[in-house]
Every structure is written in C-alpha cells, then in structure tokens.
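> Quick one: sequence plus predicted model below, questions after.
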Amino acid sequence: MRKQAIWFTAIGLVLSLGYFAWHRLLPRIDIQKLYGGPGNLQIMRSPEKVQVWKTEGFLNRQSGSPPEQSAFYKKGGEPKTVPSSLAKSLIERLSNRLSYYGDNGSAKMCIPMPGFVVAFTRAEGEVDIFLCFECDILAVHVGENFKAQADFDPSHNELLRVIKALYPNDDKVQALRERKRR
C-alpha cells in the first residue's frame with residue numbers, strides 16, 4: 001500500500017511539473033513588436049483617452065447589409081469613451097504577453113472580421129486595436145499603417161466583458177459568447 005502511494009505521488013508530481021513547464025515555456029508574443037515599438041506601447045499603456053467604436057462592418061451586419069472586408073477595419077458610428085476602471089482592465093489585458101498565444105507558425109481557419117476598435121490616444125499619436133471575437137485575432141494599426149496581428153484566445157472572455165459593459169443595451173453585442181477555457 002505504501003509503495004502504491006509513493007507511485008501515485010510521483011506520477012502526480014511529474015504531471016504537475018510537466019503542465020507547469022508546458023504552460024510557462026509556450027512561445028509568447030513580443031508585446032513591443034506587436035505594438036510597433038516602445039513609443040506605441042507607451043501610448044497604449046498610458047493613454048490620455050480610450051475610446052471604443054463598432055466597426056463599419058459590424059454595423060453593416062447589424063443592418064443586414066453584406067459588408068466589404070475593408071469595412072471591418074474602419075471606425076463606424078459614435079465612439080464610446082471608456083471609463084478609467086474599464087480602460088485599466090483593457091490596458092492590463094492587452095499589454096500582458098500571457099494574453100496572447102505565441103507565434104508558433106499555425107494559422108486559424110478564419111478570416112478576421114473585427115467588430116470593435118479600441119483607440120488609445122495621447123498627444124503623440126493613436127494606437128487602434130481591432131478586435132475580432134469570432135477568430136480571437138486582433139490587429140494593431142497606428143495611423144494608416146498596419147503593424148501586426150495577434151491571437152488573443154487567452155484573453156477573449158476578459159476583453160469581451162469590457163466590450164459588453166460598454167454596450168449593455170445592444171442585443172447583438174450581448175449575444176457575443178464567452179469561451180470555455182482551453
């Protein structure tokens with residue numbers, strides 16, 4: 001009986017260590033590179049203003065019109081100013097490298113159609129983050145320039161909760177679903 005307990009303990013320890021190593025050693029994204037350099041990352045981490053728009057593509061879908069792909073990368077409608085508590089949550093989540101899966105060479109079978117744009121603004125400029133909650137892919141744009149895309153599966157639920165809090169009376173936004181942890 002004692003030998004069996006030792007084996008179960010050893011197996012449990014090996015499995016725990018393996019999981020810990022796997023979770024910590026996954027390739028993670030370079031946040032500075034994702035945002036296009038330290039200046040853009042600083043704008044995102046300490047903005048003077050944070051606003052969220054629905055994309056033109058999302059608005060066209062709501063009205064029943066088939067949107068062009070480019071419409072998903074344009075701000076549409078009126079912006080929502082993000083309260084400081086929610087802005088802090090967005091900044092913490094988007095600037096944390098654990099919020100993203102690393103670039104492991106795999107591709108999703110999804111064409112991103114972002115529904116929302118989060119704009120972080122300072123006097124030096126603006127960083128726009130386009131969020132697609134269907135693919136869990138975000139695109140970072142600075143000015144008219146595309147910078148990068150990233151897979152935000154690990155932070156899907158937290159980011160979606162912020163967006164839902166900004167649009168409490170919008171049935172289409174509230175219909176977006178949280179995901180089970182993978």
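It's in.
> what element comes up after the helix or strand bottoming out on mean pLDDT in the chain heading to the C-terminus?
The helix or strand of the chain with the lowest confidence, counting by mean pLDDT, DSSP states H and E, is helix 2-25 at a mean of 63. Once the chain leaves helix 2-25, the next helix or strand it forms, by DSSP states H and E, is helix 31-34.
> Please spell out which residues along that next one are buried.
31, 34 (16 or more other Cβ atoms under 10 Å). Glycine gets a C-beta too; all of them are placed from N, C-alpha and C.
> tell me what it is packed against?
With contacts defined as 3 or more Cβ pairs under 8 Å, 6 or more residues apart in numbering; DSSP states H and E, the packing partners of helix 31-34 are helix 38-45, strand 145-151.
> roughly how far out does the last one sit from the chain middle?
Same thing as strand 145-151. Relative to its parent chain, strand 145-151 has a centroid offset of 11 Å by Cα atoms, centre = their mean, to the nearest Å.
> Tell me the first helix or strand C-terminal of it.
helix 156-166.
> how about that following helix: buried residues?
Per 16+ other Cβ under 10 Å, helix 156-166 contains these buried residues: 156, 158-160, 162-163, 166.
> again with stretch 111-120
112-120.
> Could you check how far the closest residue to residue 176 other than its chain neighbours is from residue 100?
Spatial nearest neighbour of residue 176, chain neighbours left out: residue 133 (5.3 Å); criterion: Cβ to Cβ, 6 or more residues apart in numbering. Separation of residue 133 from residue 100 (Cβ to Cβ, to the nearest Å): 15 Å.
> Just to be sure, residue 173 is in a helix?
Yes: judged by DSSP: H, G, I helix; E, B strand; the rest coil, residue 173 forms part of a helix.
> Tell me how many other residues crowd residue 52.
Counted with other Cβ atoms under 10 Å, the neighbours of residue 52 add up to 22.
> ok, now which ones touch it?
79-80, 82, 116-119, 163, 166 (Cβ atoms under 8 Å, 6 or more residues apart in numbering).
> What strand or helix carries residue 59?
helix 56-63.
> next SSE after that helix?
strand 75-81.
> strand partners of that next one, parallel vs antiparallel please.
Here strand 75-81 is paired, per DSSP bridges, with strand 49-55 (antiparallel).
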